[in-house]
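A.B. asks: what follows is a predicted structure for the sequence shown.
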Amino acid sequence: MSMKDGVRQWVDTALDTKDEIATEFINAGIDPLVALKVSTLVTKKGVAEKLDRHFGNKSASDITHTISVHASTNPLQ
């Protein structure tokens with residue numbers, strides 16, 4: 001898998017998570033527009049935390065190398 005495919009997979013995972021969170025809020029009776037906005041905030045925070053745990057203080061070149069070599073490893077899952 002290429003680096004681009006790996007990044008695309010991570011983005012797809014984040015968007016799927018956002019959709020799941022929004023659906024749960026909507027099913028719980030939250031206004032759909034509010035549910036979408038809140039799901040965005042929750043997803044951004046979760047993604048930032050997971051990427052920070054996965055990549056820590058690695059340099060850009062280390063991150064690029066990791067993505068290229070381990071593209072099938074998705075830190076968001």
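C.D. replies: On my side now, so go ahead. A quick note: this is a predicted structure, and the numbers were derived from the prediction, not measured.
A.B. asks: ok, which stretches of this protein are helices?
C.D. replies: Here the chain has its helices, by DSSP state H, at 3-27, 32-55, 60-69.
A.B. asks: comparing those helices by mean pLDDT, which bottoms out?
C.D. replies: Within those, confidence is poorest for helix 60-69, with a mean of 78 (mean pLDDT).
A.B. asks: give me the buried stretch members for that one, please.
C.D. replies: Neighbour-count burial for helix 60-69, counted by 16 or more other Cβ atoms under 10 Å, picks out 66-67. To be clear about C-beta, it is placed using only N, CA and C from the backbone, and glycine gets the same treatment.
A.B. asks: cool, and stretch 4-21?
C.D. replies: 6, 9-10, 13-14, 17-18, 21.
A.B. asks: chain center to that stretch, what's the gap?
C.D. replies: 5 Å (Cα atoms, centre = their mean, to the nearest Å).
A.B. asks: same question, stretch 23-43
C.D. replies: Distance of stretch 23-43 from the chain centroid (Cα atoms, centre = their mean) equals 17 Å.
A.B. asks: which positions within that stretch qualify as buried?
C.D. replies: Those would be 25-26, 35-36, 39, 43, for stretch 23-43 by 16+ other Cβ under 10 Å.
A.B. asks: out of those, which is nearest to residue 51?
C.D. replies: Closest approach to residue 51 among those (Cβ to Cβ): residue 43, at 12.0 Å.
A.B. asks: how about the closest one, what does it touch?
C.D. replies: 14, 17-18, 21 (Cβ atoms under 8 Å, 6 or more residues apart in numbering).
A.B. asks: and the spatially most central residue of the chain, how far is that from residue 35?
C.D. replies: By Cα atoms, centre = their mean, the chain has its centre lying nearest to residue 14, at 3.2 Å. Using Cβ to Cβ, to the nearest Å, residue 14 is found at 17 Å from residue 35.
A.B. asks: what's the pLDDT at the residue of the chain positioned farthest from its centre?
C.D. replies: Within the chain, residue 29 marks the point farthest from the mean C-alpha position, 25.0 Å out by Cα atoms, centre = their mean. With respect to pLDDT, residue 29 scores 97.
A.B. asks: before we move on, the earlier item: determine which two of the buried residues of stretch 23-43 are furthest apart.
C.D. replies: Applying Cβ to Cβ across the buried residues of stretch 23-43, the maximum distance is between 26 and 43, 15.0 Å.
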